[in-house]
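Peer 1: using only what follows, build the 3D model:
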Amino acid sequence: MTDATPDTLATADAATPTTDAPGAPTDRRAAAFFDLDKTLVAGSSGFYWARAAAAHGLITRRRLAADGWENLKFRLRGSTDESTQKVWDRVGAFLAGQRVRDFERLSPRVLAGVLPRLYSEMLAIAWEHQDEGRPVYIVTASTQDTAQMISDVLFFDGGLGAPLEQVDGRYTGRLAGPMTYREGKADAIRLLAEREGIDLDASWAYSDSESDLPMLRLVGHPVAVNPDRELARVAREEGWEIIRLERLTTHLKTAAALVAIGAMGGLGRVAAAGRPVGGMGRRRG
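Peer 2: Below you'll find the predicted structure:
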């Protein structure tokens, strides 16, 4: 359901000559870039990493409960610069010294939590872009490993996330490259566009958050999905398409479930409410 008439995805993407440096692609095409949390998937994908880590004894139930409440607040209010930095500070401190292999082995359990929370409507849009010849990418403030894992499962063309530094098979707790947040997302997309010959003026970007305005303003077709208050205001003022998939009833059900199960000490069994994806067994956050 949209608040504005969507652009026709079938619009032809004309190959436009470019004046890039020698060796760069001579033809450019459009692409589509999707934020992950609250855009492709209901809630925070990071919560399912926390659930998987708790199931394997890597974090405590108390820590999981705290992460569950953070996920609830994210579902209801979105992210802020402060909350995002706090998450990364906490994640970095926790990961320092941990074996990379232990977290790679959590991937199946993480996917089991994330995949049922994918918005089928957004997957349909992404796959339609691909069918029209546009490569599709996940661009997220989550880790590069998360972005690539979900991209691979969905048969997307790639994922851009925050790279975690590794030394001798263990995480250092530091990033190995720029943080893919705010301008960092836009910078990552620019580098990809230059490398892959992508015409950003002809491209699409989808996000829920005001923090992704640099990414949205980078393309010719920005789309606000489940927008927070500030992004909704900007989208209305600038005439961008708005897609709303989250409803008040969904928020209330999520809150009630977390309160009830949290009171019983069973937050590890909670999965934030989302729309199940039909036909996931037939086609590939």
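Peer 1: use CA for all of it now, contacts and neighbours both
Peer 2: Noted.
Peer 1: just the mean pLDDT for the lengthiest strand in the chain, thanks.
Peer 2: The single longest strand within the chain, with elements called by DSSP state E, is strand 136-143. What strand 136-143 shows for mean pLDDT is 95.
Peer 1: following the chain onward from that strand, which element is next?
Peer 2: helix 144-153 (DSSP states H and E).
Peer 1: tell me what the longest strand of the chain is packed against?
Peer 2: Counting by 3 or more C-alpha pairs under 8 Å, 6 or more residues apart in numbering; DSSP states H and E, the packing neighbours recorded for strand 136-143 are strand 32-34, helix 120-131, helix 144-153, strand 158-162, helix 183-196.
Peer 1: for residue 127, give its distance to residue 165.
Peer 2: Counting by C-alpha to C-alpha, to the nearest Å, the separation of residue 127 from residue 165 is 32 Å.
Peer 1: of the two, which one has the most company?
Peer 2: Legend: neighbour count by other C-alpha atoms under 10 Å for residue 127 and residue 165, higher for residue 127 (19 against 15).
Peer 1: to residue 108, which of the helices and strands packed on strand 136-143 lies closest?
Peer 2: With C-alpha to C-alpha, the closest approach to residue 108 among the helices and strands packed on strand 136-143 belongs to helix 144-153: 10.0 Å.
Peer 1: buried stuff in the closest one?
Peer 2: For helix 144-153, a neighbour-count test (16 or more other C-alpha atoms under 10 Å) marks 144, 145, 146, 147, 148, 149, 150, 151 as buried.
Peer 1: in the chain, which spans are helices?
Peer 2: Using DSSP state H, the helices of the chain run over residues 45-55, 61-77, 81-95, 100-104, 107-114, 120-131, 144-153, 183-196, 213-218, 229-238, 248-263.
Peer 1: burial measure for the closest residue to residue 172 other than its chain neighbours, as a count.
Peer 2: Once flanking residues are discounted, residue 172 sits nearest to residue 96: 4.5 Å by C-alpha to C-alpha, 6 or more residues apart in numbering. Applying other C-alpha under 10 Å, we find 15 residues neighbouring residue 96.
Peer 1: again, but for residue 108
Peer 2: 12.
Peer 1: any low-confidence regions in the protein?
Peer 2: Residue ranges of the chain with pLDDT under 70: 1-27, 59-88, 247-285.
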